[in-house]
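>>> how does the following fold in three dimensions:
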Amino acid sequence: MEFNDLKQTYLSCSKCPKLCQSRSQVVFGSGNPHAKVLFIGEAPGAEEDKQGIPFCGSSGQVLNQLLATIELSREDIFITNTILCRPENNRNPEKEEVENCRDRLDRLIKIMQPKVIVTIGNFATERILKKKGITTLRGKVFTTTINSEEVKVVPVIHPANYLYNGRNPELFESMKRDFQVIDSIVNIKKEQKKLM
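Prediction:
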């Protein structure tokens, strides 16, 4: 019940006055709340704000393709963002906005207890690992402590990067390798087959 309580609490959040004006709804997250893999992006964009689902636009389609390369779907993971509300004109989240959403994200991690957190892009990576520079951090496994618990973190490049780079096949191959790293930590399909 904790997960639903947390969701209900934040669906009417009003901590960030500017975000309350620019959003049409709070985009809490989607997927399996019992998942062992938690993906964290930056912030909802226009399409996400409209549908209430993170990564439901073009970037989401790329993410789905990457998940498929390690035999996962959106039902196997949970995906949320560093902040839950769309910033006006898709501007970068402000430090105060990230801080206002800190407790919610920490509580979500505590409830879910994922085996691995995948940080998508710079903002999520900096929020979780306190490190900058996604191009040097991507595809590596880090161990950090959140809520007094050790958790593995794998930063990945934002799927939008692939779109901005004209769907460069070499970039997609390197993104697939980053997803292989996620798969090596928690191979859900193999675990499920063992149980059958």
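>>> which of the residues in stretch 71-84 are buried?
Leu72, Arg74, Asp76, Ile77, Phe78, Ile79, Thr80, Asn81, Thr82, Ile83, Leu84 (16 or more other CB atoms under 10 Å). Just so you know, the C-beta spots here come from the backbone N, C-alpha and C atoms, and that holds for glycine as well.
>>> next one: stretch 138-150
Neighbour counts over stretch 138-150 (16+ other CB under 10 Å) mark Arg138, Gly139, Phe142 as buried.
>>> ditto for stretch 82-97
Thr82, Ile83, Leu84, Cys85, Arg86, Pro87, Pro93, Glu97.
>>> and if you look at stretch 122-130?
Applying 16+ other CB under 10 Å to stretch 122-130 flags Asn122, Phe123, Ala124, Thr125, Glu126, Arg127, Ile128, Leu129 as buried.
>>> now stretch 158-174
His158, Pro159, Ala160, Asn161, Tyr162, Phe172.
>>> can you name the residues in contact with the longest helix along the chain?
Ordering each helix of the chain by length in residues (DSSP state H) puts helix 169-185 first. Surrounding helix 169-185, the residues in contact under the criterion CB atoms under 8 Å, 6 or more residues apart in numbering are 37, 66-67, 69-72, 115-116, 118, 138-141, 152, 154, 156-157, 159, 161-162, 165.
>>> then stretch 123-132?
Here stretch 123-132 has contacts from 40-43, 81-82, 92-93, 98, 102, 105, 117, 119, 122, 134, 137, 142, 144, 146, 153, 155, using CB under 8 Å, 6+ apart.
>>> so which of the residues you listed belong to helices?
Val98, Arg102, Leu105, Asn122, Ile134, Leu137.
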